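K.L.:
Okay, sequence plus prediction incoming.
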Amino acid sequence: MTATIEEDFELELRSLPGVLNVGISHGDSGEVDAVTLLVRGQDPEAVRDGAVQVASLYYPDAAVIVEDAKDLPSVRGSNGARVALVRADFNEHNGMSEVHLSYAGRVGIGRAGSGPLIGGAEATLAALRDLKYAIPFYLMTVTKVDTVTGWSVIVALRSLSDDGDRMGIARSEGDLVAAAKATLDALNRYVTMDPDRQRETPDHEALIENGSN
């Protein structure tokens, strides 16, 4: 139960505008005693106010620390590049979602016909594979939740290997963009931290298809 509460707490913090990463530390008793948020493109004090409000609902005694990414130029090191969402469109006539991603000058395009919410996540996975990433995960759930900062989308991915399941959260004006961003939030670190993951193989495709059935 405690682990679930802590996961909900982290997801709420990640849904705050401009938050790139969340670190949680524990005291000797195992209780959360501090959280550190890395933000970009937002007023750190404004983000801290929101984070304090979230913390008050879960761990009122936890210290809240906010660091601005522009003040930490080496925080990402050599693995700083991230897959970026270029555009996301939904065709109301055929129910098709289309997502364009960019990484290192390359563009990947994915399409899915499951509507803007689920289809947004599926199209993002397809676009990552179009970028030649091996993605040993399949989509479990795409859920809209009411958080402190408004409606957010949570994407949960089940692992087909030993890498562990993944979860991402994002908030946007539309379901499609939010689902795409949440999928990237779940996988961006995974796909960019190891160059070998850019070599997709038929075995990974087979695993994904079998896992989705």
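P.N.:
Structure received. Numbering: from 1, shown residues only.
K.L.:
care to break the protein down by domain?
P.N.:
According to the domain assignment given by automatic domain parsing, the chain is divided into the following structural domains: 2-70, 83-208.
K.L.:
average model confidence for the last one?
P.N.:
Mean pLDDT, domain 83-208: 82.
K.L.:
Kindly report the same for stretch 5-12.
P.N.:
In this model, stretch 5-12 has a mean pLDDT of 84.
K.L.:
Confirm that Val64 lies within a strand, as I assumed.
P.N.:
Yes: membership of Val64 in a strand is supported by DSSP: H, G, I helix; E, B strand; the rest coil.
K.L.:
Per-residue pLDDT of it, please?
P.N.:
In this prediction Val64 is given a pLDDT of 90.
K.L.:
go on, Ala55?
P.N.:
Ala55 carries a pLDDT score of 92 in this model.
K.L.:
Most tightly packed of the domains of the chain?
P.N.:
Taking mean count of other Cβ atoms under 10 Å as the contact definition, the stretch among those with the greatest mean neighbour count is domain 83-208, which reaches a mean of 18. Where you see a C-beta, it was placed from the backbone N, CA and C, and this is true even at glycine.
K.L.:
Centre of the chain to that domain, how far?
P.N.:
9 Å (Cα atoms, centre = their mean, to the nearest Å).
K.L.:
i'd like the first residue to be 38 from this point on
P.N.:
Will do, 38 is the new start, and the previous item becomes domain 120-245.
K.L.:
In space, what's closest to Ile42 - neighbours in sequence excluded?
P.N.:
Counting by Cβ to Cβ, 6 or more residues apart in numbering, Ile42 lies nearest to Tyr95, which is 6.4 Å off, once chain neighbours are set aside.
K.L.:
Could you double-check that the one you found sits in contact with Asp45?
P.N.:
Yes: between Tyr95 and Asp45 there is a contact at 7.3 Å, judged by Cβ atoms under 8 Å.
K.L.:
give the contact list for the residue nearest to Ile42.
P.N.:
42-43, 45-46, 49, 69 (Cβ atoms under 8 Å, 6 or more residues apart in numbering).
K.L.:
Return the subset of those residues lying in helices.
P.N.:
Of the positions in the contacts of Tyr95, 42-43, 45-46, 49 sit in helices, assigned by DSSP state H.
K.L.:
Output those as JSON lines; include the columns distance to Ile206.
P.N.:
Supplementary listing: the ones in helices among the contacts of Tyr95 in JSON lines, determined by distance: Cβ to Cβ, whole Å:
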{"residue": "Ile42", "distance to Ile206": "16"}
{"residue": "Glu43", "distance to Ile206": "14"}
{"residue": "Asp45", "distance to Ile206": "10"}
{"residue": "Phe46", "distance to Ile206": "12"}
{"residue": "Glu49", "distance to Ile206": "8"}
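K.L.:
From Gly64, how far out is the residue nearest the centre of the chain?
P.N.:
Closest to where the C-alpha atoms of the chain average out (Cα atoms, centre = their mean) is Asp222, at 1.5 Å. Separation of Asp222 from Gly64 (Cβ to Cβ, to the nearest Å): 28 Å.
K.L.:
Contact partners for Ala149?
P.N.:
By Cβ under 8 Å, 6+ apart, the contact list for Ala149 reads 133-134, 155-160, 163.
K.L.:
Just give the closest residue to it, not the sequence neighbours.
P.N.:
Excluding the flanking residues, the one nearest Ala149 by Cβ to Cβ, 6+ apart is Glu159, at 3.6 Å.
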